[in-house]
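Output the structure for:
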Amino acid sequence: MESSTIDKETLELAAQDVRRVLERQKEERQVLITQMNILFVTNTALLSFLTISRLITRFSIFSTLEIFLFFINFLLLIWALLPRRFFISPNLEKKQETQEKKEKLKFPDDYLTLSPEQYHLQMLVDLIETYNKNQKQVDDISLALKYATGVTAGIAMVALLHQVTVYFIPELQKL
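Presented below is the predicted three-dimensional model:
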């Protein structure tokens with residue numbers, strides 16, 4: 001594609017769209033962090049409930065299952081919480097890798113030699129690559145939280161069954 005055939009208005013609109021998508025991705029990460037905090041609080045509340053009611057301290061199939069599910073759930077939440085490397089510009093990485101091979105390749109110099117249209121195109125390519133690399137990290141966090149949500153629901157169901165068994169069905173208390 002020659003630089004003379006690129007419409008500046010189209011290029012600017014594309015840049016705005018890509019920036020909007022990156023901003024949306026950033027908001028999605030914030031929502032996931034909020035969900036993670038809610039799951040931590042929910043699990044802490046469930047653990048407190050089981051401890052206060054002394055259900056978890058009585059050895060039974062239910063308490064063993066509850067402890068196992070808590071362990072799995074906190075592992076999932078920690079997996080979601082683990083620091084991940086989010087990318088700002090993939091070209092900076094490429095330049096740093098090739099810097100050892102070439103003689104002092106500098107980021108601003110490479111971009112400043114481009115025509116304005118080529119510069120915009122290169123920035124669009126960089127932003128799209130950045131989005132794609134960061135989306136993998138966001139999807140990873142989302143998957144961990146999805147599993148943690150399911151395990152939290154499982155803990156709540158087991159705790160409810162445990163409580164019903166202990167307080168309303170005396171024959172099953174020995175389980």
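
Distance of the most centrally placed residue in the chain relative to residue 65?
Closest residue to the average C-alpha location of the chain: residue 141 at 2.5 Å, with Cα atoms, centre = their mean. To residue 65, residue 141 is 27 Å away according to Cβ to Cβ, to the nearest Å. All C-beta atoms are positioned from the backbone trio N, CA, C, and that covers glycine.

related to what we said a few turns ago, the helix or strand hosting the residue nearest to the centre of the chain packs against which elements?
Following DSSP states H and E, one finds residue 141 within helix 116-168. On a contact count with 3 or more Cβ pairs under 8 Å, 6 or more residues apart in numbering; DSSP states H and E, helix 116-168 meets helix 8-52, helix 61-81, helix 90-99.

now the ones you listed in a markdown table, with distance to residue 164, mean neighbour count and mean pLDDT?
Shown next, in a markdown table, are the helices and strands packed on helix 116-168 (distance: least, Cβ to Cβ, whole Å; neighbours: other Cβ atoms under 10 Å; pLDDT from 0 to 100):
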| stretch | distance to residue 164 | mean neighbour count | mean pLDDT |
| --- | --- | --- | --- |
| helix 8-52 | 14 | 14 | 85 |
| helix 61-81 | 10 | 17 | 89 |
| helix 90-99 | 54 | 13 | 49 |
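
and the ones you listed as a markdown table, adding distance to residue 152?
Converted to a markdown table, the helices and strands packed on helix 116-168 look like this (distance: least, Cβ to Cβ, whole Å):
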| stretch | distance to residue 152 |
| --- | --- |
| helix 8-52 | 6 |
| helix 61-81 | 6 |
| helix 90-99 | 36 |
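
closest to residue 161 out of the ones you listed?
helix 61-81 (6.7 Å; Cβ to Cβ).

Give me the residues contacting the closest one.
Helix 61-81 has contacts (Cβ atoms under 8 Å, 6 or more residues apart in numbering) with 32, 36, 39-40, 43, 46-47, 50, 55-57, 141, 144-145, 147-148, 151-152, 154-155, 158-159, 161-162, 165, 175.

ok, now how distant is the residue nearest to the centre of the chain from residue 12?
Distance, residue 141 to residue 12, by Cβ to Cβ: 32 Å.
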